[in-house]
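J.: Sequence plus predicted model, see below.
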Amino acid sequence: MDYKKSFEKFEDQNVFIKTTERPAIDGPQKAALNRKGNILYNSGDIEGARRIFLTTGYSDGLARIGDYYKSAGRNLDALRMYWIAPDHVKSEPIIMQLSALLKDLIHEEEGDHPDE
């Protein structure tokens, strides 16, 4: 897909467009980076590990980062990692919680109380 052509209409709006394309990394490079990410994760440098795992697309590492975020109460960050991983088993409960929260907020805004 030609991203540059797709977003030409936004050039005058001074916006930042993020793509999900990963740099080309060969197998040995990817393995070495993932090992480095695991070392960083195990030593407590979660953000350093996250950057590496995002670069390589290492799904197990991304899911572990998501687990770390979830245990720290950072559910939206956890959801992002699970979604990128992709780990639908772990992302689904967070999505359900957020859906229920949004539903309650909408009903509250409308003056409707579904639990009454």
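T.: Everything's here; your move. Just so we're clear, the structure is a prediction, and the values are computed from it rather than from any experiment.

J.: Spatially central residue for the chain, please.
T.: residue 80 (2.2 Å; CA atoms, centre = their mean).

J.: how much space between it and residue 106?
T.: From residue 80 over to residue 106 the distance is 23 Å, taken as CB to CB, to the nearest Å. C-betas here are computed from N, CA, C, even on glycine.

J.: swap in residue 70?
T.: In terms of CB to CB, residue 70 sits 25 Å off from residue 106.

J.: Also residue 42?
T.: Separation of residue 42 from residue 106 (CB to CB): 43 Å.

J.: what does residue 67 give?
T.: In this view, residue 67 and residue 106 are 30 Å apart by CB to CB.

J.: Have a look at those two and say which one is more surrounded.
T.: Neighbours per residue (other CB atoms under 10 Å) separate residue 67 from residue 106, with residue 67 holding more: 15 against 11.

J.: Residue 86 contacts residue 59, doesn't it?
T.: Yes - between residue 86 and residue 59 a contact is recorded at 7.1 Å, counting by CB atoms under 8 Å.
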